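*Asks:* here's a sequence, model it:
(2 chains)
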2 protein chains.
Amino acid sequence: MIMSRIEAPRDDLTGNLLDRLRAGLPAEAVLTDPDVTASYANDMASFCAAGAPAVVVLPRTVEQVQHIMRTATELRVPVVPQGARTGLSGAANASDGCIVLSLTRMDRILEINPVDRIAVVEPGVVNATLSRAVGDHGLCYPPDPSSWESCTIGGNIGTASGGLCCVKYGVTAEYVLGLDVVLADGRLLSTGRRTAKGVAGYDLTRLFVGSEGSLGIVVRAILALRPKPPRQLVLAAEFASAADACDAVCRIMKGRHVPSLLELMDNTTVKAVNDLAHMGLPESTRALLLAAFDTPDPAADLAEVGALCEAAGATQVVPAEDTAESELLLQARRLSLPALETVKGTTMIDDVCVPRSRLGELLEGIERIAGTHRLTIGVCAHAGDGNTHPTVCFDAQDPEESRRARESFDEIMALGLELGGTITGEHGVGVLKKEWLAREIGPVGVEMQRAVKAAFDPLGILNPGKLF
Amino acid sequence: MIMSRIEAPRDDLTGNLLDRLRAGLPAEAVLTDPDVTASYANDMASFCAAGAPAVVVLPRTVEQVQHIMRTATELRVPVVPQGARTGLSGAANASDGCIVLSLTRMDRILEINPVDRIAVVEPGVVNATLSRAVGDHGLCYPPDPSSWESCTIGGNIGTASGGLCCVKYGVTAEYVLGLDVVLADGRLLSTGRRTAKGVAGYDLTRLFVGSEGSLGIVVRAILALRPKPPRQLVLAAEFASAADACDAVCRIMKGRHVPSLLELMDNTTVKAVNDLAHMGLPESTRALLLAAFDTPDPAADLAEVGALCEAAGATQVVPAEDTAESELLLQARRLSLPALETVKGTTMIDDVCVPRSRLGELLEGIERIAGTHRLTIGVCAHAGDGNTHPTVCFDAQDPEESRRARESFDEIMALGLELGGTITGEHGVGVLKKEWLAREIGPVGVEMQRAVKAAFDPLGILNPGKLF
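*Replies:* So this is what the prediction gives:
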């Protein structure tokens, strides 16, 4: 805790803020060294401006969070809540002079109840930590964003995270039953329930999920769990075109199948993964589709889905022999984004989600956009959900290429909206897609979103400048 | 349409209202005969006051709904939206001088898309009509409230309805992807999406689900569908005590099982069903548990669950031979409420939901409460969800018994809260449980609920007097 003793030059305002914060927080929970606070300025999004925090606070208790919010309200200082800062839209980026409120030290699992199939956790619990802990009880917490080894449940709630399993198990929102939230003025609000069902009043719980810290500070969550499913078995199908792969997705989802995973990697992504990890994926394929089942008889389901892939023109269909081989295929998929990052040094990751019946048109359009802008855009997608991550690979040192990268990123969102989709399937709006939120939801939508914001945060101190 | 020509005596205010409404509605869509409008005053809840509507309007288009809301806003007239009025909390009850806005004529299924697994519907579509229509495409719309043959999707959304299938498939809220909503001032708001995932801004869709028509008028809904599961197979287990049956529920839900239905009927309910329908249910049992699976091999799952029931002390375990026998058992369960109504003429149906680990304590408490008040209280329950419907059977002509009925109804809710539960698992708050909502969510909760209400309905004209 030496760092917190190296004080930045204090102006009076900041001095007053720090004194007030320290009145209710242990010294070690208040960081002011500018080198340290600067390291809290950003999440993992590209092209998102961030300011310099006045202070970073690391509370361990609900009361400490209440103290921080009361102080912020009294002094009208903006507060930017943060989890592990693995977000991809700049929603956790600091603004100048703000209090960065990091929830990472509130990291206790308070309860796991196998009969009620719930867990009660603090917001700083890491997703993987929770997954393993409930796994010991034969239970499963499905939402599995790619950053699951480091991202926090609080961050998952703030951004309404998805993951690979959503096609069968849904997103974070569907697993949040109740919340304790510290409001902008420091009051504590409890929402929701710990029961399987409940409809007492407006669903404020769901309002907080995906609100990017702009309505209140989540300090405790009651999460729904499921019985741990059997290990899934994966099939890989190669296609001569993205259109054929998308046709296969439609055939699979039109039937009675409920795959536990249905992912697509395009040729650019396959090659990048091979280059990074020498996985021996088939580089001749234009699109690789991974389908998985965690049903009682996954091999039978895979056989049917394999036949559907062949009917859609798959050039090769290879079911994994066992769960070890399946895990290797999933690892290849999980490496997609890190691998694409190595292509040209920097990436911009889109998150456009379209009705799955329009997926083929989206992929075709992305290829056209990449050609127009002379860019490499790798696509990996939660194909079963129609949720794509077109990843623009570019050299951030080259301003002209950077400009084209940004343009292509925007054009892909425009195309997604044209196809009846959304600008963000699971990464959120943050600062990256603010203008685009307005385009998606229209003026009445923006006005009602702002009215809700004003109801919870009349002074506008909670994560200002995000969303809209 | 003769009825609408028999005019009630008009005062100036009502006259002006009617003239303005008729300026944008066909004559047949405006009902004013007091005998007719009176028939729209109530939903199916007992003990809920209702006023006399000034007018009942039956729009067929979004534009007509907008006209009605603009008129209501200009003239500051309260609007009470209604579906089929099968609700059980008085949420659809008219207030004096209100416009009853019945959505029953907006009853078109606009789209069923098997690849995207969605349906787009108007609010007046009857639940069973939609279920059958999507069934023709091999799809399923799971939410199945007992009134599914008559209740509307709009009503289901307003009250966030549940049903028998929730233990596996969840409630209405989980199937509403996007909404078109006419706001209090007549503007049209579109929320949500038609994609499988999406996190663009606050989740206003979920805010409308369960809002009992107090935030806006739902005029179109995008619903998620699932592949139609195999027909379920049902097992009946008899127990010598409710405690043993609840123990069985805990054993089943602690394991890896995901039943498609897990229902409990107490002895009072079993007898009432036999009296009504001569079903030959075992009247010697204290508690009858019905468990069902719609898995690939339901008989195997039922065998395991049967063994768990025996371990919990079941005196008899009888798996259905086939789906026909299964359907008979479900029919018995569905008859529970109508059967209990015949016991003493009138019923008051509670809807308390507790964590399923506390279900035994709740049932024990209900028995105690029934004894204290010398009342017959039949219990049927969505046991897998911990959601009970303790049904007080009483003679409404007997004021003293009516008073005891009301008291026992309240005591059951108090007990539910004590056990960490909620006053309403799926029936909503309406006017019946207004005071109880405040007790459940506390003063900060009420204040934030009111703030949300004010954001959407600043004049307070939408279904005033409901919820809080």
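*Asks:* which bits of the stretch 351-468 of chain A sit near chain B?
*Replies:* Contact residues of the stretch 351-468 of chain A with respect to chain B, defined by CB under 8 Å from any CB of the partner chain, are listed as A:353-357, A:382, A:384-387, A:420-429, A:433, A:437, A:440-442, A:444-445, A:448-449, A:451-456, A:467-468. To be clear about C-beta, it is placed using only N, CA and C from the backbone, and glycine gets the same treatment.
*Asks:* which of those fall in strands?
*Replies:* Judged by DSSP state E, strands contain the following of these: A:382, A:387.
*Asks:* narrow the residues of the stretch 351-468 of chain A next to chain B to those that are buried.
*Replies:* A:353-357, A:382, A:384-387, A:421-429, A:433, A:437, A:440-441, A:445, A:448-449, A:452-453, A:455-456, A:467-468 (16 or more other CB atoms under 10 Å in any protein chain shown).
*Asks:* from the residues you listed, which ones fall inside helices?
*Replies:* For those, membership in helices holds for A:437, A:440-441, A:445, A:448-449, A:452-453, A:455-456, with DSSP state H as the criterion.
*Asks:* okay, now the unreliable bits of the stretch 1-150 of chain A?
*Replies:* Regions of the stretch 1-150 of chain A meeting the criterion pLDDT under 70 cover residues A:1-10.
*Asks:* try it again with 50
*Replies:* Residues of the stretch 1-150 of chain A that meet the criterion pLDDT under 50 lie in A:1-6.
*Asks:* ok, now which ones touch A:Ala272?
*Replies:* For A:Ala272, the contacting residues are A:336, A:339-340, A:342-343, A:378, by CB atoms under 8 Å, 6 or more residues apart in numbering or on different chains.
*Asks:* list the contacts for A:Arg60?
*Replies:* Residues near A:Arg60 by CB under 8 Å, 6+ apart: A:29, A:105-106.
*Asks:* now, of the contacts of A:Ala272, which are buried?
*Replies:* By the neighbour-count criterion of 16+ other CB under 10 Å, the contacts of A:Ala272 include these buried positions: A:336, A:339-340, A:343, A:378.
*Asks:* any chance of those in a markdown table, plus secondary structure?
*Replies:* Shown next, in a markdown table, are the buried ones among the contacts of A:Ala272 (DSSP: H, G, I helix; E, B strand; the rest coil):
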| residue | secondary structure |
| --- | --- |
| A:Ser336 | helix |
| A:Ala339 | helix |
| A:Leu340 | helix |
| A:Val343 | helix |
| A:Gly378 | strand |
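*Asks:* turn those residues into CSV, including pLDDT.
*Replies:* Converted to CSV, those look like this (pLDDT from 0 to 100):
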residue, pLDDT
A:Ser336, 94
A:Ala339, 96
A:Leu340, 96
A:Val343, 94
A:Gly378, 97
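*Asks:* how much space separates A:Asp244 from B:Arg117?
*Replies:* As judged by CB to CB, to the nearest Å, A:Asp244 and B:Arg117 stand 21 Å apart.
*Asks:* now do the domain split for chain A, please.
*Replies:* Each domain of chain A is listed here as a residue range: A:3-102, A:109-227, A:233-418, A:431-459, per automatic domain parsing.
*Asks:* winner for burial among the ones you listed?
*Replies:* domain A:109-227 (a mean of 23; mean count of other CB atoms under 10 Å in any protein chain shown).
*Asks:* quick check: end-to-end length of it?
*Replies:* Looking at domain A:109-227, the gap from its leading to its trailing residue is 18 Å under the measure CA to CA, to the nearest Å.
*Asks:* so how far is that domain from its chain's centroid?
*Replies:* Relative to its chain's centre, domain A:109-227 lies at 13 Å (CA atoms, centre = their mean, to the nearest Å).
*Asks:* likewise for stretch A:90-106?
*Replies:* Worked out by CA atoms, centre = their mean, stretch A:90-106 lies 17 Å from the chain centre.
*Asks:* wondering if that stretch reaches chain B at all.
*Replies:* No - legend: contact between stretch A:90-106 and chain B by CB under 8 Å from any CB is lacking; minimum distance shown is 10.5 Å.
*Asks:* could I get the CA-only coordinates of that stretch as CSV?
*Replies:* Provided in CSV are the C-alpha atoms of stretch A:90-106 (Å, rounded to 0.1, in the frame of the first residue of the first chain):
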residue,chain,number,x,y,z
GLY,A,90,-15.6,1.7,-23.0
ALA,A,91,-18.5,1.5,-20.4
ALA,A,92,-16.0,1.3,-17.6
ASN,A,93,-13.7,4.1,-18.9
ALA,A,94,-13.0,6.9,-16.4
SER,A,95,-14.0,10.5,-16.9
ASP,A,96,-11.8,13.4,-15.8
GLY,A,97,-11.9,14.0,-12.1
CYS,A,98,-14.2,11.1,-11.4
ILE,A,99,-14.2,8.6,-8.6
VAL,A,100,-13.4,5.2,-10.0
LEU,A,101,-15.3,2.8,-7.8
SER,A,102,-13.7,-0.7,-8.2
LEU,A,103,-15.8,-3.5,-6.8
THR,A,104,-13.0,-6.1,-7.2
ARG,A,105,-12.4,-6.4,-3.4
MET,A,106,-16.0,-7.3,-2.7
